[in-house]
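Asks: below: sequence and its predicted model.
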Amino acid sequence: MCTGLAIAALTLLPLGYVLWTTAELGRDEAVDFLWRPRIGELLWNTVRLLLAGVAASVVVGVAGAWVVERTDVPGRGWWHGLLCAPLAVPAFVNGFGWVSTTHAVQSFPGAVMVVTLSYYPLVYLPTVAALRRLDPAVEEVATALGKGSWAVFWRVTLPAISPAVLGGALLVGLHLLAEYGALQLLNYPTLTTAILQQYATVFNGPEATLLALVLVTFCLLLLGVELLVRGRRPRSRVGAGSSRQAARTRLGRRRPLVLLGLAALAAWALGVPLASLVRWLVRGTSAGIDGAELTGALGTTVLLAVLGGLLTTAAAVPVVWLAVRHRGLLGTAIERSVYTASAMPGIVIALALVTVSIRVVPELYQTLALLVVGYLVLFLPRAVVSVRGTFELVPPGLEDVARSLGCSGLGVARRVTLPLVLPGLAAGAALVALAVSTELTATLLLAPLGTDTLATRFWSDASSIAYGAAAPYALALIVLSVPSTWLLARLSIRSTR
Amino acid sequence: MNNHLRRAGLALAALTLATPLLAACSEDEPKLVIYNAQHEPLLEELAPAFTKETGIEVELRNGKDLELSNQLVQEGDASPADVFLTENSPAMSQVEAAGLFDELPADLVAPIPEQYRPRSGLWTGFVARSTVLVYNTDQVQESELPASLLDLAAPEWKGRISFSPTGADFQAIVAAVLELEGEEATKAWLEGIKANGTVYDGNNLVLEAVDSGEVEVGIVYHYYWERDRKENGDVSDHSAQHYFTGGDPGAFVSVSGAGVLKSSDMKKEAREFVEFLVEEQGQQILADSYALEYPLNPAVQLEGVTKPFSELQPPQVNVSDLDAEAVVDLMTEVGFL
């Protein structure tokens, strides 16, 4: 119980820090800083990017999922893979690919396009999974009652898959609010880029914290809006139905057009960044790659990823255990508090840890341990989700039986529980490790003296437009992201068949 | 529960074991910790030469001028830093005002002319950079170029200028304008160029934007263009630099500073580093390096740039008078930050 409470406290630290520092600052000063045109500009930029980016991601993600899952488009398996693949290109690498190709993307439409190309898979994946799970009987009934296929989609299919689409849209929104690298390269200022600029100008002054407060408010609002939109309309039905393949819509003469659309999407989301990467790689190689630096950064990245993955998963265990085995107010509260951290952008978590460590535990400041704690807070929700999935499948009766047969408490854990939950633990650790390996914002602030990761090396080169020097790091980041993308692509279409 | 506690404990133990292990790879004996806001490549050439000369190992923490100066102020006595190096002097003044610098012996800094040192003697300049206006040669004729940096606030430059207000470089230029022209005129100028200009985050980006014709002129320091000329010329082949003259604020020469921190536990070594930095050998390394900044020791000259140091006509500004915090406040008020 104590461990669980400690972990919950840790994940609530960023929010507490933001509120505390703001309260400390005094109202007039805060109002003076926040009530001025510059903040209005940042808010306007953030809001319109949020709305347009989420809308575009939903359109692209849902349309892609529907084509792959519900039409007779040839090569569906391939298209599914290609449509998931942009997840393996971190958004800041995608931004690098585009901006080093054309300056035209340094604008509002350009920013919307690049973030959409990076984040639409977050809508696509859950939508594909939901379409697979859907019992087509209801749609067939609607068709039998004389509705056209368009009307069926709007009035039957879309409402049925809307929780999945909304969940994806929420994820896109949270990612957009936290995005730094891509938008910085695109010269598109938002709240998050402004916080980092404040940090570079006055270290962690109260201004950065005030902006962080606004950013956190946005994230929480977004969570609230999603809950509201999702509504209370019951979606359950009596009887599970059966998820079988729905009749695929024949594309007929529209087929070339649809194929063209899919190809264009793949070309823009993957082709452009990869082509520019290759181009810079070739030029960079002629300029000479510093192999020692690259392997050094790779080593540090892998070490941090492994440490972060193991520790975060270990921290997820008591949280899940409390939530699953001790269902009560406290257990639920602890689990929920962990989830609020998922709305906390990396920059806010990093600012909180910098301040708290300088003021309270200076021994921890600028250490690897603090960086790993940052990863833990940032990625704990991912580990909790995947650990919880397997924990719930372990019937408590099994443990009781083992105990009644004379097994000690520790023996039960080792011989019964652990083997059963191991896949979940492994998946959780892997997901977190992969997320750590491409993390940029928090790492920039928390990495100790002389510690370079692939992401920070890439960033220092790319942001000073040494594109050739940045390319090898970008490639390494993509390679590191491929396994998790592959895993997610597989899971989304395998889960129910 | 025990089991979970134990697992968490094990993980923590693994972490605490791994941390010193990682650090151990590089920490046999104490290293001189330099908070470095100067360009990394410059220190990557200088530091090994220093180590070779003195046997003292060096560790760098890289950051931006004001990021590191504010960090030093927050860390106070607990700071691990021994030496602080900046690109521009306002950040040095800030650390000086916080009382964190240790006195530098007068004979140690003697090679640097007096006007590039603060009156307090608590730190010293070691290289300098000149403000320039880089312009796109296809879009702008030499005759159209402004006589003063302050002219860029005029309506005729609307939509044609660019700069990087979030950087310490531009903020140092604003500090000079503030010192020379006073608060009111500086504010009016800032509002004018805000209305006229495109903002980028980084002088490299300004140069690239000017060279590609995105925007006609940009306010930067001299070495961005010079450096690209020496390398591949990718982002300087459609541009040239315009030097302001006659003590105009636009001819401002910004001084990069070096100082030893009071909190240092390696003061002797730290002073040796500063000494190496200002003496002929170190200055020559700086002059020959990729940095292309002007060495301040008169015994050493920067070769192969558009204008030698002696031909610059900077305004008379004492480095002690540049006020970083006033600039940040002013720029926040105008809405750049």
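Replies: Good, I have the coordinates.

Asks: now the lowest-mean-pLDDT helix or strand in chain A: buried residues?
Replies: Ranking every helix and strand in chain A by mean pLDDT, DSSP states H and E puts helix A:329-340 at the bottom, with a mean of 79. Buried positions in helix A:329-340, judged by neighbour count with 16 or more other C-beta atoms under 10 Å in any protein chain shown: A:331, A:334-335, A:337-338, A:340. No exception for glycine: its C-beta is placed from N, CA and C like everyone else's.

Asks: so for the helix or strand containing A:Val278, what's the average pLDDT?
Replies: Following DSSP states H and E, one finds A:Val278 within helix A:272-287. Throughout helix A:272-287, pLDDT has a mean value of 84.

Asks: mind exporting the C-alpha coordinates of that helix to CSV?
Replies: The C-alpha trace of helix A:272-287 is given here as CSV (Å, rounded to 0.1, in the frame of the first residue of the first chain):
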residue,chain,number,x,y,z
VAL,A,272,9.3,12.3,-48.0
PRO,A,273,11.0,11.9,-44.6
LEU,A,274,12.8,8.8,-45.6
ALA,A,275,14.0,10.2,-48.9
SER,A,276,15.3,13.3,-47.3
LEU,A,277,17.0,11.2,-44.6
VAL,A,278,18.8,9.2,-47.3
ARG,A,279,19.8,12.3,-49.1
TRP,A,280,21.3,13.8,-46.0
LEU,A,281,22.8,10.5,-45.0
VAL,A,282,24.7,10.4,-48.3
ARG,A,283,25.8,14.0,-47.9
GLY,A,284,26.6,13.5,-44.2
THR,A,285,28.7,10.5,-44.9
SER,A,286,30.8,12.4,-47.3
ALA,A,287,31.3,15.0,-44.6
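
Asks: what does that helix contact?
Replies: The contact list for helix A:272-287, computed with C-beta atoms under 8 Å, 6 or more residues apart in numbering or on different chains, reads A:89, A:93-94, A:96-98, A:100-101, A:467-472, A:474-475, A:478.

Asks: for that helix, which positions count as buried?
Replies: The neighbour-count check on helix A:272-287 (16+ other C-beta under 10 Å) flags A:272-274, A:276-277, A:279-281, A:284 as buried.

Asks: and the helix or strand following it, what does it pack onto?
Replies: Next in sequence after helix A:272-287, counting helices and strands by DSSP H and E, comes helix A:291-325. With contacts defined as 3 or more C-beta pairs under 8 Å, 6 or more residues apart in numbering or on different chains; DSSP states H and E, helix A:291-325 has these neighbours: helix A:2-25, helix A:329-340, helix A:368-391, helix A:418-437, helix A:454-462, helix A:467-494, helix B:2-24.

Asks: got those as CSV, with distance to A:Pro109 columns?
Replies: Shown next, in CSV, are the helices and strands packed on helix A:291-325 (distance: least, C-beta to C-beta, whole Å):
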stretch, distance to A:Pro109
helix A:2-25, 32
helix A:329-340, 33
helix A:368-391, 30
helix A:418-437, 29
helix A:454-462, 22
helix A:467-494, 23
helix B:2-24, 44
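
Asks: mean pLDDT lowest where, among those?
Replies: Taking the mean pLDDT of the helices and strands packed on helix A:291-325, helix B:2-24 comes last: a mean of 48.

Asks: parallel or antiparallel, list what pairs with the helix or strand just after that one.
Replies: Next in sequence after helix B:2-24, counting helices and strands by DSSP H and E, comes strand B:32-36. Within its sheet, and counting by DSSP bridges, strand B:32-36 is paired with strand B:58-62 (parallel), strand B:83-85 (parallel).
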